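A.B. asks: Need a 3D model of the following:
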Amino acid sequence: MILQAPAKINFSLDITGKREDGYHEVKMIMETVSLYDTVKIFKGKGIKLRCSLPYVPVNEKNIAYKAAAAFFEEIGGGGAFIDIVKRIPVAAGLAGGSTDGAVVLKGLNLLYDKPFDDEKLKNIAVKVGADVPYCINGRLALAEGIGEKLTPLGPCPKMFVLLAKPNIALSTKLVYSMVNIDEIKIHPDTDFLVSALKSGDIKGFASKMYNVLENVSAGKFPIIEDIKKTMLKGGALGSMMSGSGPTVFGIFDDEQQAKKIMPELKKICGFVYLAHTL
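C.D. replies: Numbers count the residues shown, from 1 in each chain. A predicted model of the protein is given here:
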């Protein structure tokens, strides 16, 4: 199997509580964009993983490896060789590891004659990682719980999404550990955002995007705020950090306008990429 694993962005991210097991309860709008890893999957013995980036672990620490292990545990055996070509930046807030894990589950399900439907795959996925259930189907959705309760929101209006990641990495676990829920003063208006998307009000939607983790991550790395300012000054309808960061994206309705500020962003970011919503 040769499959494409798309990156995801958060149009909003809210924290509504914390569970006894340490996971945070969230409410967020997510969408996939046209930036992909390529994942090749072959039947084999045991689980063997190869990645185009030498610093990415190829053992139990890798979500794709965990996904394969969880799949084979469910069917009572089997093996695979998995080869990942990374294009999505690592530790960037774009679900690069989670989307690879989701594609591994889907690919193995096809290779092993579809023993599971999508709902069962999502049940396996939630054991692997919080974003993996979303990445099984991707596309525009409202995610709640720890990310496993998904409500499709219909097709997303086409938007140009300019992604910019500075040369830093942020651990999702670390960022969430730094959050004090009682100190969150502003929350995204999720109902408005959903309504604006459905009505096609992209300007209104982009202006109201909000991520409660942004203050935490930007407090540690002020360059996140600098990137946002550059995006907005360059004509973005709205700009926000994705996930736990540090990637920042800007929403544009004009592709050429987005391209104009890419050289300026490349001066301060190691990764700049113009994508579009799927």
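
A.B. asks: Not counting sequence-adjacent ones, nearest residue to K86?
C.D. replies: L53 (4.9 Å; C-beta to C-beta, 6 or more residues apart in numbering). The C-beta positions use only the backbone N, C-alpha and C, and glycine is treated the same way.

A.B. asks: My read is that the one you found contacts P89, right?
C.D. replies: No: taking contacts as C-beta atoms under 8 Å, L53 lies outside contact range of P89: 9.8 Å.

A.B. asks: Enumerate every residue touching G234.
C.D. replies: 250, 257-258, 260-261, 264 (C-beta atoms under 8 Å, 6 or more residues apart in numbering).

A.B. asks: now those residues as a markdown table including distance to H24 and neighbour count?
C.D. replies: Formatted as a markdown table, the contacts of G234 follow (distance: C-beta to C-beta, whole Å; neighbours: other C-beta atoms under 10 Å):
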| residue | distance to H24 | neighbour count |
| --- | --- | --- |
| G250 | 26 | 28 |
| Q257 | 36 | 16 |
| A258 | 32 | 24 |
| K260 | 38 | 13 |
| I261 | 33 | 21 |
| E264 | 35 | 15 |
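
A.B. asks: Make JSON lines from those residues and add pLDDT, secondary structure and distance to L163 to it.
C.D. replies: Shown next, in JSON lines, are these (pLDDT from 0 to 100; DSSP: H, G, I helix; E, B strand; the rest coil; distance: C-beta to C-beta, whole Å):
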{"residue": "G250", "pLDDT": "98", "secondary structure": "strand", "distance to L163": "8"}
{"residue": "Q257", "pLDDT": "96", "secondary structure": "helix", "distance to L163": "15"}
{"residue": "A258", "pLDDT": "97", "secondary structure": "helix", "distance to L163": "10"}
{"residue": "K260", "pLDDT": "97", "secondary structure": "helix", "distance to L163": "16"}
{"residue": "I261", "pLDDT": "97", "secondary structure": "coil", "distance to L163": "12"}
{"residue": "E264", "pLDDT": "97", "secondary structure": "helix", "distance to L163": "14"}
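
A.B. asks: Assign a three-state SS to V33, would you?
C.D. replies: At V33 the chain is in strand, as set by DSSP: H, G, I helix; E, B strand; the rest coil.

A.B. asks: what packs against the lengthiest helix in the chain?
C.D. replies: Across the chain, the longest stretch assigned as helix under DSSP state H is helix 96-111. Contacts defined by 3 or more C-beta pairs under 8 Å, 6 or more residues apart in numbering; DSSP states H and E place helix 96-111 against strand 2-18, strand 24-43, helix 63-75, strand 80-85, helix 118-128, helix 132-137.

A.B. asks: Have a look at L53 and P89 and say which one is more surrounded.
C.D. replies: Between L53 and P89, P89 has the larger neighbour count (other C-beta atoms under 10 Å), namely 21 against 12.

A.B. asks: Where does pLDDT dip in the stretch 151-278 of the chain?
C.D. replies: Filtered on pLDDT under 70, the stretch 151-278 of the chain yields no residues whatsoever.

A.B. asks: Strands along that one, start to end?
C.D. replies: Along the stretch 151-278 of the chain, counting by DSSP state E, counting those that start in this stretch, strands occupy 160-165, 210-211, 238-241, 248-252, 271-276.

A.B. asks: To K114, which of the ones you listed lies closest?
C.D. replies: strand 271-276 (30.4 Å; C-beta to C-beta).

A.B. asks: and that closest one, which residues are buried?
C.D. replies: By 16 or more other C-beta atoms under 10 Å, the buried positions in strand 271-276 come out as 271-275.

A.B. asks: For I41, see how far away G78 is.
C.D. replies: 12 Å (C-beta to C-beta, to the nearest Å).

A.B. asks: ok, I136 - contacts?
C.D. replies: Per C-beta under 8 Å, 6+ apart, neighbours of I136: 102, 105-106, 118, 121-122, 125.
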